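Novice: Quick one: sequence plus predicted model below, questions after.
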Amino acid sequence: CFNSGSSCEKCDFETDLCKALHELNLQPGWIRRNGQSSMGPPYSDHNGNDSAYFLSLSSKMRSSSATLRTNVFLPNDEEHICQITFHYWISQMSGTLMVGLQKHSEDTITNIWQVSGELQNQWKANTITINSTEKYEV
């Protein structure tokens with residue numbers, strides 16, 4: 001759910017990539033699948049639905065990294081903070097999931113959240129809050 005003030009945009013992968021993610025920025029390694037795809041766990045989405053779609057890293061990508069980028073978000077102000085809640089699943093001890101913020105005036109991506117090697121093989125949820133006075137991508 002991409003929440004800016006009172007407007008909340010739900011982002012799932014039932015028909016394609018959701019509007020928040022660049023269609024063209026789906027790097028090699030990401031696949032859109034569901035729990036019935038016989039690719040190993042997870043066998044359902046975070047609601048326990050085995051036919052619902054989610055994004056997954058292909059097994060060929062075990063030793064490298066792959067990025068997902070959002071579209072451009074507009075600057076926030078006091079009334080409109082941006083909150084992004086996402087569900088994630090880590091199935092191997094070596095994996096690290098990171099969320100980065102790139103402001104349009106900066107070339108670098110600032111790491112704002114990461115997780116690795118915690119309780120494996122279950123869905124967890126996290127919410128990040130972003131304050132930016134300029135356009136940005138996540």
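Specialist: Cool, got the structure.

Novice: secondary structure class for the residue sitting nearest the centre point of the chain?
Specialist: Nearest to the geometric centre of the chain sits residue 86, at 6.1 Å (CA atoms, centre = their mean). Following DSSP: H, G, I helix; E, B strand; the rest coil, residue 86 is assigned to strand.

Novice: Which of the helices or strands spans the closest residue to it other than its chain neighbours?
Specialist: Leaving aside its chain neighbours, residue 86 sits nearest to residue 126 (6.3 Å; criterion: CB to CB, 6 or more residues apart in numbering). Just so you know, the C-beta spots here come from the backbone N, C-alpha and C atoms, and that holds for glycine as well. Residue 126 belongs to strand 124-130 when assigned by DSSP states H and E.

Novice: Mind checking the pLDDT average for the helix or strand just after that strand?
Specialist: The first helix or strand that comes after strand 124-130 along the chain, using DSSP H and E, is strand 136-137. The average pLDDT within strand 136-137 is 92.

Novice: got the buried residues for the strand holding residue 126?
Specialist: For strand 124-130, the neighbour count (16 or more other CB atoms under 10 Å) marks residue 130 as buried.

Novice: same deal with stretch 65-78?
Specialist: 69, 70, 73, 76.

Novice: Quick one: mark the members of the residues you listed that sit in strands.
Specialist: Among the buried residues of stretch 65-78, no member is found in strands (DSSP state E).
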